[in-house]
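J.: Can you look at this prediction? I've put the sequence above it.
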Amino acid sequence: MTQRSGGVFLREDGSLDRVDLPSGGLLKGEMRPHIVLAWEDGTEIDSRSLRWTARNDGREFRGEAPGSVEFEILIENDPCGPLLLWKPAVRNLGPCRLDRVDITLAAFADMPDDWLCTLPFAGGWAVRLSDLAPESTVSLRYPVQGSMQWIELCGEYEGFTFQTRDPVPWLKDFVIRRTQNGLRLTMTHRHLQLAEGETLKLPGLAVGSHGGDWQEGAAIYSRWLQSVMPDPAEAPEWLARAGGWAWISGKGQYAPQPDNRFSDLPERSEEYARCGVECLHLAAWFEHGHDTRYPDYVAGDCLGGEQALGRAVEDIHRTGRRLALYTNARLLDPLSATAGQHPEWPRWAVHAPAGKTVQDSIAGELAGVTTDVELPEWDPDDRLLKEIYGKVVFAVMCPGSPEWRETFAGRIERAAAAYRPDGFYLDQVLGAVAPPCFADGHEHQKPYEAWARYLDLVAEVRRRVKSILPHAYLATEGISDILSQHFDVVQSHNDWRGPCPEGSFPLPEMTRHAIPRLLQANGAVYADRMDLLALAHACAGVLDLACFSRVPQGEFARAVRFALDVRHRFGERMLRARPVRMHMAGFPRQRAMALAGDGLFLCCATLEGEPQDYHLWLDMAPGRLAAGLRWESPEGEGMLTATPEGSGIRLRIPASELGFVYADLRPVPEAGSEGAQK
């Protein structure tokens, strides 16, 4: 027989049973706590093997396996929303170190196939449950490549949110399993190295159902983020106004000839300016081309040399336009001059556990990169994490190494002073999978803490760059909520689904809702890919145009000019605005982002098929509109009328591939004012 103790069921044998989720709609699920604990010798036990006791009216639970482990759960109301906050702690009682803890709190059956499961990768992705294959598993490594500690299962008016509360942040895996019986959500903590007698408080898990879609979960998660981290670094106003950048390449990896010399850059800048592009990102500006000799970051002689790059930047600045430089903050080429100057560099790298090789230990965790390489002479025992790109085998550096942080920051500081660019792109920081690091002498006590030290690395780079170039920005590949805070702008990667399953689609709107002040460069937008341009425009951030040597032409160029013109006129105000909750017909084929600040700004787009009218409901009081709404598209412009409906307004926007709506807003009355009292 099962007896209820407060919030959880306990069986007579002392094992944990389910908790039914409060829901009056389609969501049929339960919280059935299932915990798996694993030691370094391969021993595993789960929560069914523990003897559980409850106290404090079912808000505290203690499970014990004598001589092995104690596990405690404290259940509180989450202060950020209508969720239960589960706060676990584990104490290792055995002689072998505890290595892994899996916590499964939610299991669902008979869920509607048209519901979404959000996937916090890059700017955000989602998949219909109907597109999750039976017996499939999706694993998202946080803090990179997983971008947020939040997964949402939802329809349009009902959902379930699964979030963790970790401000450090630690390395962890979000695991989504589609089984014959439904769907399970699990949090996995690895490489804990918990010795006998040690206790570890694990990050809390906030879970619960609500009467909304993914925007409700985003609002809850946003409140938590705002309580534990400062606003992200605010991008220079000129960048929001410029609307983004286009990429251009200097020289391919070990290519015989450059694609563009430094003396060509002013002309390339002029060509892109004809379709509204103000800023170029220069990649592959090194002597041997792209992905070589990192982290030297010296202008290549075959492209014209250091003085030629400096002159090109000056010439571009005279026209009022900009140029930024590519770097990689994660990789070291052992053939670089930097490596030659620092023969101790292997100590800076990510290390495998003592007595093990990379391939036998952590390589299997790093999806999406090639780590199985012919062992180089600088690592014959496979102790260092390596990745191969083109012809070069790189060593992966650990941000927990103070020597690496100092070396990389010093190289960027030198480039800032020598070339005076308008920004630096630090590749892979928030885009390539975060590994654990087992090195001694780094500034992380445990392997799962290593990647949090990117906060220190980026903060130091930012301090040095801004002291020389106050107007310059720092950008990076990918997004990770807490680790993003020292970047001015992050790259959303709407073009690459990475670890997300087939059938997934990009949903970068979820990041703007959860981290409103974080400026996203949406894309990458490839030449003539109108769908990627449409999505980038609909997200109301800046554009990452990956056209390289192909300057936009024809109708595509016309659409690019329209999107960039919107940002030139309204970009600064859009950056300061906040997302407005909405419901939209035609999702996900049609997309939109509404922002409210000193005006209402609404970007909309059709990603596929013939454009049709947009039908939206905005959660905004009709009285806030000070005047009519102005609508623009590449095809025309006009005025719109908002129709009051419930607590918000309904809009119909004429069909177009790209659209923009603007309206003046009345200020929100302050609490206690005459207007507020009325």
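T.: Yep, that arrived.

J.: need the helices for the stretch 351-500 of the chain, in chain order.
T.: In the stretch 351-500 of the chain, helices defined by DSSP state H, counting those that start in this stretch lie at 358-361, 402-419, 454-468, listed in chain order.

J.: will you turn those helices into TSV that also has distance to residue 180 and mean pLDDT?
T.: Placement of C-beta: from N, CA and C, glycine included. Putting the helices of the stretch 351-500 of the chain into TSV (distance: least, CB to CB, whole Å; pLDDT from 0 to 100) gives the following:
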stretch	distance to residue 180	mean pLDDT
helix 358-361	33	95
helix 402-419	47	99
helix 454-468	40	98
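
J.: Rebuild the ones you listed as JSON lines, extending it with mean neighbour count and distance to residue 129.
T.: Formatted as JSON lines, the helices of the stretch 351-500 of the chain follow (neighbours: other CB atoms under 10 Å; distance: least, CB to CB, whole Å):
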{"stretch": "helix 358-361", "mean neighbour count": "18", "distance to residue 129": "35"}
{"stretch": "helix 402-419", "mean neighbour count": "19", "distance to residue 129": "43"}
{"stretch": "helix 454-468", "mean neighbour count": "19", "distance to residue 129": "34"}
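
J.: Same list, those helices, but as JSON lines with distance to residue 218 please.
T.: Shown next, in JSON lines, are those (distance: least, CB to CB, whole Å):
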{"stretch": "helix 358-361", "distance to residue 218": "36"}
{"stretch": "helix 402-419", "distance to residue 218": "33"}
{"stretch": "helix 454-468", "distance to residue 218": "23"}
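
J.: between these, which one is nearest to residue 243?
T.: Closest to residue 243 of the helices of the stretch 351-500 of the chain is helix 454-468 (CB to CB; 21.9 Å).

J.: which residues are in contact with the closest one?
T.: Under the criterion CB atoms under 8 Å, 6 or more residues apart in numbering, residues 233, 329, 399, 404-406, 408-410, 412-413, 416-417, 424, 426, 429, 443, 472, 474, 476, 482-483, 485-487 lie in contact with helix 454-468.

J.: rerun at 6 Å
T.: Helix 454-468 is contacted from outside by 399, 405, 409, 412-413, 416-417, 429, 472, 474, 483, 486, using CB atoms under 6 Å, 6 or more residues apart in numbering.

J.: ditto for stretch 217-233
T.: Contacts for stretch 217-233 (CB under 6 Å, 6+ apart): 80-81, 150, 152, 161, 163, 167, 482, 484-486, 488, 510, 513-514, 517-518.

J.: can you pull the buried residues of that stretch?
T.: Buried residues in stretch 217-233, counted by 16 or more other CB atoms under 10 Å: 217-222, 224-225, 229, 232-233.

J.: Could you pick out the one among those with the lowest pLDDT?
T.: Among those, residue 232 has the lowest pLDDT, at 80.

J.: That residue and residue 506, how far apart?
T.: 21 Å (CB to CB, to the nearest Å).

J.: quick one: contacts for the closest residue to residue 638 other than its chain neighbours?
T.: Once flanking residues are discounted, residue 638 sits nearest to residue 631: 5.4 Å by CB to CB, 6 or more residues apart in numbering. Residues in contact with residue 631 (CB under 6 Å, 6+ apart) are 638, 640, 661.

J.: helix or strand for the last one, which one?
T.: Spelled out, it's residue 661. Secondary structure assignment for residue 661, by DSSP states H and E: strand 658-664.

J.: now the first one
T.: When secondary structure is defined by DSSP H and E, residue 638 falls within strand 636-640.

J.: got the contact list for that strand?
T.: Residues contacting strand 636-640 (CB under 6 Å, 6+ apart): 628-629, 631.

J.: ok, now stretch 541-552?
T.: With contacts defined as CB under 6 Å, 6+ apart, stretch 541-552 is touched by 243-244, 246-247, 249, 271-272, 275, 491, 520-527, 536, 560.

J.: Which residue ranges make up the domains of the chain?
T.: Per automatic domain parsing, the structural domains of the chain span 2-228, 237-429+438-471, 576-664.

J.: would CSV of those domains with distance to residue 497 be doable?
T.: As requested, the domains of the chain are exported to CSV (distance: least, CB to CB, whole Å):
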stretch, distance to residue 497
domain 2-228, 6
domain 237-429+438-471, 11
domain 576-664, 14
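
J.: Worst mean pLDDT among those domains?
T.: Lowest mean pLDDT within these: domain 2-228, at a mean of 88.

J.: any chance you could map the helices in the stretch 501-650 of the chain?
T.: For the stretch 501-650 of the chain, applying DSSP H, counting those that start in this stretch gives helices covering 509-514, 530-538, 554-576.

J.: Report the backbone C-alpha coordinates of the first one in CSV.
T.: Output in CSV follows, covering the C-alpha atoms of helix 509-514 (Å, rounded to 0.1, in the frame of the first residue of the first chain):
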residue,chain,number,x,y,z
GLU,A,509,12.9,33.7,-29.8
MET,A,510,13.1,31.6,-26.6
THR,A,511,16.5,33.1,-25.8
ARG,A,512,15.3,36.7,-26.4
HIS,A,513,12.4,36.1,-24.0
ALA,A,514,14.6,34.4,-21.3
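
J.: which ones are touching residue 36?
T.: For residue 36, the contact set (CB under 6 Å, 6+ apart) comprises 46, 102.

J.: repeat for residue 268
T.: Per CB under 6 Å, 6+ apart, neighbours of residue 268: residue 248.

J.: what is the orientation angle of the strand or helix carrying it with helix 554-576?
T.: Following DSSP H and E, one finds residue 268 within helix 265-273. Helix 265-273 and helix 554-576 are oriented at 90 degrees to each other (axes from the mean of the first three to the mean of the last three CA atoms, to 10 degrees).

J.: quick one: buried residues of helix 265-273?
T.: Residues of helix 265-273 classed as buried by neighbour count (16+ other CB under 10 Å): 265-266, 268-269, 271-273.

J.: next SSE after that helix?
T.: strand 279-283.

J.: what's near enough to touch the closest residue in space to residue 627 that isn't next to it in sequence?
T.: Spatial nearest neighbour of residue 627, chain neighbours left out: residue 664 (5.3 Å); criterion: CB to CB, 6+ apart. Residue 664 is in contact with 599, 626-627, counting by CB under 6 Å, 6+ apart.

J.: Of those residues, which is the most crowded?
T.: Neighbour counts for these, by other CB atoms under 10 Å, peak at residue 599, which reaches 15 neighbours.

J.: Test of understanding: give the bridge partners of it.
T.: Counting by DSSP bridges, residue 599 forms beta bridges with residue 664.

J.: Next, work out how far apart it and residue 642 are.
T.: 14 Å.

J.: How about residue 504?
T.: 34 Å.

J.: cool, and residue 109?
T.: Using CB to CB, residue 109 is found at 42 Å from residue 642.

J.: ok, now residue 484?
T.: 34 Å.

J.: Between those two, point out the one with more neighbours.
T.: Neighbours around residue 484 and residue 642, counted as other CB under 10 Å, are more numerous at residue 484. The numbers are 28 against 20.

J.: outside of stretch 139-152, which residues touch it?
T.: The contact list for stretch 139-152 (CB under 6 Å, 6+ apart) reads 118, 120-122, 159, 161-164, 169, 172-175, 214, 217, 221, 430, 433-434, 451, 479-481, 483, 498.

J.: Please disregard the earlier target; I meant stretch 406-419.
T.: 295, 297, 309-310, 313, 329, 424, 460-461, 464-465, 468-469.

J.: 8 Å instead, please
T.: Stretch 406-419 is touched from outside by 295-297, 299, 306, 309-310, 313, 325, 327, 329, 338, 342, 348, 397, 421, 424, 457, 460-461, 464-465, 468-469, 472, with contacts defined as CB under 8 Å, 6+ apart.
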